[in-house]
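Undergrad: Can you look at this prediction? I've put the sequence above it.
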Amino acid sequence: MSKSLVRGAAPETPFRAEARTRRKEVVTTQLTLFEDSPKVQKAIERFRAFEPEDGYYLAFSGGKDSMCIYHLAKMAGVKFTPYYNVTGIDPPELIYFIREHYPDVIFSRPKTTIWALIVKKRMPPTRLIRYCCDHLKERTGLGRFVVTGVRWAESAKRKNTRAMLELNFNSKTKNIRLNNDNDEARRMVESCIKKNKHILNPIIDWTDEDVWHFIHANKLPYRIATNVQLDCDVLHRAVMTVFTNRLRTEKGTRLVKKGRKLTEVEQKVYGKTQTMRYLAGSGEPIYPIGYIQHKNPMFKKRSICQYTEDGRKGLHDNLRVNVRLMLQMMRQPLYGRNTEYADNRISLFSAQWGKCAVTGKDFRTLDDIHCHHIVPRCMGGSDAYQNLILVLEPIHKLIHATQKATIDKYLETFDLNKKQIQKLTQLREQVNLPALT
């Protein structure tokens, strides 16, 4: 071995010269502040350190991680080809998104389909039994240097089993995982790159915050899956049709409505559905894909976001809480009260945007803030968050007032509308007092 190779220096070749020229032609105007961070520069260096002559096989899924490695490869100026592995149950919105924003992605179709695998395995893939990934995704890119967006932050298992660089020699005893890209690692890659499929995970040490920061800093478009149950209903019909036909016997079908007892997790997720079926003989459940539910975000205005000028204005408007008064609350000693009461009092101030829960008026001083127990402590009420509410001092007196003169006095002070009076009446009823007339 030559002295230059021992020291980690690779011999000059036309390919390396071309690669170096290509890197210099990378448009510098694409750089942002976040791209100067150590993690981004480290990821770019990893791309450049192990670049093969035929280019990288970049595994692209359309998700946030694969978007990052795609654009990092662009920044590094390396040669690569992005591939999307078609599974047969791909969301149409995702396919449209990839075709619109990443037209150079090649759609790779597997030799088998998810439907054939379900019949062969006699059950759909689950979170724990993920045979679909092995057959439809992980068997691609053989003989190539594959780049993936695997990250340690995704799971504890990946932190223990995945590395920045993975070298595969067709043997369990000869798989090598490297978490650095020093000269020794580079020489090892140069000597075995042509033997089999090798994997580079350039963002293996990135956190979720790093990924989203990179996406937002570079203004990259991304796709969010919503109302997924609409597509799952269609898939459920197709899956059950295949199951019914393939598991049919002379006496009927192997799909039955009763089987083994569901686990606590299974009962929580699928216990209420009537579409659950079991495999006769083994009693194993077949989870109904059509029962997957999408939960819309509650009490969230769609107009408030960080991607438009009006959305950002609404976002900052919602953050206008009297921080000075909140700090005074945090420093105020509450003698005779427990920690739960003090913490929930501050949390309520933030949740109510520093306003009275009945009138909607801002609290201006500490004396204005009165913490009311919805169910009084003398009636068994606690200091729990759900049992507390912050109101102005006169409103608090109105809730507990029994004399008509006192009630009339404070009603004249506030010009309460119908909705506010109704809320005040509900609070009075909780303390066994008559409604306001």
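TA: Ah, there it is. Numbers count the residues shown, from 1 in each chain.

Undergrad: Name the residues of stretch 324-340 that are buried.
TA: Along stretch 324-340, these residues count as buried under the neighbour rule (16 or more other CB atoms under 10 Å): 325, 329. In this view, the C-beta of every residue, glycine as well, is placed from N, C-alpha and C.

Undergrad: the bottom helix or strand of the chain by mean pLDDT?
TA: Lowest on mean pLDDT, DSSP states H and E among the helices and strands of the chain sits helix 3-6, with a mean of 37.

Undergrad: And W152, its phi and psi?
TA: Main-chain dihedrals, W152, degrees, to the nearest 10: phi -60, psi -30.

Undergrad: What of Y70?
TA: Torsion angles, degrees, to the nearest 10, at Y70: phi -60, psi -50.

Undergrad: Please apply the same query to the one 5 residues further on.
TA: Backbone dihedrals for M75, given as degrees, to the nearest 10, come out at phi -60, psi -40.

Undergrad: That one against E45, yeah?
TA: No. Applying CB atoms under 8 Å, one finds M75 not in contact with E45, separated by 11.0 Å.

Undergrad: Tell me how many other residues crowd E429.
TA: 11 (other CB atoms under 10 Å).

Undergrad: Now it. Nearest residue, chain neighbours left out?
TA: Excluding its sequence neighbours, the residue lying closest to E429 (CB to CB, 6 or more residues apart in numbering) is A435, at 6.7 Å.

Undergrad: Which strand or helix spans that neighbour?
TA: Following DSSP states H and E, there is no helix or strand that holds A435.

Undergrad: Is it in contact with K423, as I believe?
TA: No. Checked against CB under 8 Å, the pair A435 and K423 is beyond contact range at 11.6 Å.

Undergrad: Of these two, which one has the most company?
TA: Neighbours per residue (other CB under 10 Å) separate A435 from K423, with K423 holding more: 17 against 11.

Undergrad: ok now do the closest residue in space to the more buried one that isn't next to it in sequence, which residues does it touch?
TA: Spatial nearest neighbour of K423, excluding adjacent residues (CB to CB, 6+ apart): V358 at 5.5 Å. Contact analysis of V358 by CB atoms under 8 Å, 6 or more residues apart in numbering lists 391-392, 395, 416, 420, 423-424, 427.

Undergrad: Mind putting those into a markdown table with secondary structure and distance to T339?
TA: Below are the contacts of V358 laid out as a markdown table (DSSP: H, G, I helix; E, B strand; the rest coil; distance: CB to CB, whole Å):
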| residue | secondary structure | distance to T339 |
| --- | --- | --- |
| V391 | strand | 22 |
| L392 | strand | 25 |
| I395 | helix | 26 |
| L416 | coil | 34 |
| Q420 | helix | 32 |
| K423 | helix | 29 |
| L424 | helix | 30 |
| L427 | helix | 25 |
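
Undergrad: Single out whichever of those has the smallest pLDDT.
TA: Checking pLDDT across these, the minimum falls on L416 at 82.

Undergrad: Domain-wise, how is the protein divided?
TA: Residue ranges for the domains of the chain, per automatic domain parsing: 3-217, 226-320, 321-430.

Undergrad: State the number of residues packed around N417.
TA: 9.

Undergrad: Could you do the one 3 residues further on as well?
TA: Q420: 16 surrounding residues under other CB under 10 Å.

Undergrad: Name the nearest residue to it, sequence neighbours excluded.
TA: Using CB to CB, 6+ apart, the nearest residue to Q420 is V358, at 5.7 Å.

Undergrad: shaky segments in this protein?
TA: Within the chain, the segments meeting pLDDT under 70 span 1-36, 126-131, 133-139, 155-197, 223-231, 293-302, 306, 315-320, 437.

Undergrad: Do a quick rundown of the helices in the stretch 301-437 of the chain.
TA: 309-317, 323-331, 339-351, 393-400, 404-413, 418-430 (DSSP state H, counting those that start in this stretch).

Undergrad: Just put the ones you listed in JSON lines and tack on distance to V86.
TA: Converted to JSON lines, those look like this (distance: least, CB to CB, whole Å):
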{"stretch": "helix 309-317", "distance to V86": "35"}
{"stretch": "helix 323-331", "distance to V86": "51"}
{"stretch": "helix 339-351", "distance to V86": "46"}
{"stretch": "helix 393-400", "distance to V86": "61"}
{"stretch": "helix 404-413", "distance to V86": "68"}
{"stretch": "helix 418-430", "distance to V86": "54"}
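
Undergrad: which of the ones you listed sits most buried?
TA: Mean neighbours per residue, mean count of other CB atoms under 10 Å, is largest over the helices of the stretch 301-437 of the chain for helix 393-400, with a mean of 19.

Undergrad: Grab the CA positions of it and hand them over as CSV.
TA: Output of helix 393-400 as CSV, limited to C-alpha atoms (Å, rounded to 0.1, in the frame of the first residue of the first chain):
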residue,chain,number,x,y,z
GLU,A,393,-62.7,40.6,42.4
PRO,A,394,-66.2,42.0,41.8
ILE,A,395,-67.1,39.0,39.7
HIS,A,396,-65.9,36.7,42.5
LYS,A,397,-68.1,38.6,45.0
LEU,A,398,-71.1,38.2,42.6
ILE,A,399,-70.6,34.5,42.5
HIS,A,400,-70.9,34.2,46.2
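
Undergrad: in the stretch 51-200 of the chain, which spans are helices?
TA: Under DSSP H, counting those that start in this stretch, the stretch 51-200 of the chain gives helices at 64-76, 92-101, 114-121, 131-136, 156-161, 183-192.

Undergrad: Quick check: phi and psi at T359.
TA: According to degrees, to the nearest 10, T359 has phi -90, psi -20.
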